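no sequence for this one, just the structure:
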């Protein structure tokens, strides 16, 4: 359709809001209540424009004014976020009437707003500050005392509300209603006494932290990052979360070498604009109690700080008399593809047969999984044996999106639609499209139309047409009637290996299966076949290895012989090691992950002070030096060159949103059962909110004063 914005004709898709029409033309409109992925409600009245449309005669012809259709203007400026642009509409966003209306609304918004800018965490990144400067009068005509309310009101342990700063835009209320489907926040009281609160007295865990991102002012703050710095003081690094297999896009904010804050970064194909609470608040460990130099066990049996040269010399002495093939390599499954290819190259050179990564499942489905967008736009989803709260939280949000009809906001040159008029408040959810089967009740069970606690094998057999309970028969019928069905399978299924996967492979071809991998890069390392060869020792047989390098894993035991631990913290395993080499965390790495949908996602290095910590590539190069061998992979560039030769993808130039690139089927040797855990132990021990609570409880139990 043709829309005229400030005299410029635009060709826009049908249904576009007037607000997005202005932005598509290169113009600007102030707004507070509108937000991408949320319904437009016209609450703040800042996005005012003048609009007019042509009208038709009874015979269907346009009423003309000269040679052009006559434009009939609305008598007053309109809120552009709730106004749908139509064929031939004219929009004016810069007239005096519009400017006066916007300035007046800004004056009302600031009427009771406190002058907290010097002490507010949002200062310098506040939408209200920016818009007041651009569209306000510049001075207040009201000299009376402002309204006072609670200023440090905890909505939860991690989210703090300043009621005086709240401008009642309703973003947070709509977020809970529309995205995770939890109606917990709302307006209380009326008029000048209105405030935001929860009736239950708390926010549900899982996704509550997202409201701190979308709040346009400093009313909702991240309690972990509160008072840690101003926006312009942070070093902002666009990277990927390595906490679970989703691979959410995040921004890691560091100041003075410490990781102070993690916020969501938009990626339409993966996490849209949301991240889970663990990914947002669980970052404190990256700057707490870090190992920054190597440790070598001295003659007294004590781990003492040493240089890298001394550590290499100690490794050389400890491995003397052993064949290089006797050194087993055990990697964490959040290691990057580049680290994985470095381990594969090292094992090939040394002849090592004992190479493994953990956690991982014992077998692979061997097919290309559906994308998260396909999951959101499916017409039936069956979740089997997956506790998404622990395994892949954002997958739960994409399933919630499916229940709302799979409406994904349009994308324009200026980005995702700011006001998609198809999205509505308190949307109806088609719960009959979702079936959940798990041994215990999960958070998603309450949203499903079909819920069962059958064994996963009986569910899979029932979906293949061989009986089952009433819930399984209903799920099989749902699957048969669907045109775009997706089955999500988790730990309870994947721990069974081939037994369960054979049943999944027998399902009809139109059924797409999304397995939830055990860790952030289990998929990627699986493509590299980093598993024991015949005669090799798996990770579960670590205690039998003559010598071992254990990278960022904490089995709580050492190898039978010389043990090297590569980790970021002094774990229980590191305390048993002969040499401990400091490791970088996922926030400090450069490299690539493969998420649960097979998407290559880039990692970037945040500005965190990690001392002499090294990634696994440089660590393996140091161990190779101690063994007197020279590996081909000695840095990131050589690792990416080797990956490009193997998979035909330029890993040094991945797009910001990632790239779906089938890397071929993978093979996993048998391994131990995986127990998914989102909040890792080291994250809980470093959490400034949880740790004091845990300590106070233990002190009370012990009888301390």
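Received, thanks. In this text, all values refer to a predicted model and were calculated from it rather than measured experimentally.

ranges for the helices of the stretch 401-550 of the chain?
456-463, 470-481, 491-494, 498-505, 522-527 (DSSP state H, counting those that start in this stretch).

can you tell which of these is closest to residue 447?
helix 470-481 (14.8 Å; Cβ to Cβ). In short, each C-beta sits where N, CA and C put it, glycine included.

and residue 580, what are its phi and psi?
phi -120, psi 120 (degrees, to the nearest 10).

Quick one, which of the helices of the stretch 401-550 of the chain gets closest to residue 675.
That would be, of these and by Cβ to Cβ, helix 491-494, which comes in at 7.2 Å.

contacts for the closest one?
361-363, 384-387, 391, 438-439, 456, 460, 500-501, 504, 515-516, 518, 673-676 (Cβ atoms under 8 Å, 6 or more residues apart in numbering).

Whichever of the residues you listed end up buried, select them in ChimeraX.
If you want just the buried ones from the contacts of helix 491-494 in ChimeraX, going by 16 or more other Cβ atoms under 10 Å, the selection is:
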select :361,362,363,384,385,386,387,391,438,456,460,500,501,504,515,516,518,674,676
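
List the contacts of the closest residue in space to residue 469 that isn't next to it in sequence.
Closest residue to residue 469 apart from its sequence neighbours, by Cβ to Cβ, 6 or more residues apart in numbering: residue 454 at 5.4 Å. Going by Cβ under 8 Å, 6+ apart, residue 454 touches 437, 462, 468, 469, 471, 472.

One more: residue 561?
By Cβ under 8 Å, 6+ apart, the neighbours of residue 561 are 322, 326, 545, 546, 547, 548.

can we see that at 6 Å?
Counting by Cβ atoms under 6 Å, 6 or more residues apart in numbering, residue 561 touches 546, 547.

how close does it get to residue 325?
Residue 561 sits at a distance of 13 Å from residue 325 (criterion: Cβ to Cβ, to the nearest Å).

how about the helices of the stretch 401-550 of the chain in CSV, adding mean pLDDT and distance to residue 6?
Converted to CSV, the helices of the stretch 401-550 of the chain look like this (pLDDT from 0 to 100; distance: least, Cβ to Cβ, whole Å):
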stretch, mean pLDDT, distance to residue 6
helix 456-463, 94, 56
helix 470-481, 95, 49
helix 491-494, 94, 55
helix 498-505, 92, 55
helix 522-527, 92, 48
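
Now these in TSV, please, with extra columns for distance to residue 211.
Below are those laid out as TSV (distance: least, Cβ to Cβ, whole Å):
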stretch	distance to residue 211
helix 456-463	35
helix 470-481	33
helix 491-494	30
helix 498-505	37
helix 522-527	31
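
Point out the most buried one among these.
helix 522-527 (a mean of 28; mean count of other Cβ atoms under 10 Å).

Which other helices and strands does that helix contact?
Contacting helix 522-527 under the criterion 3 or more Cβ pairs under 6 Å, 6 or more residues apart in numbering; DSSP states H and E are the following elements: strand 591-594.

how far does the strand it packs on sit from the chain's center?
Relative to the chain's own centre, strand 591-594 is displaced by 15 Å; criterion: Cα atoms, centre = their mean, to the nearest Å.
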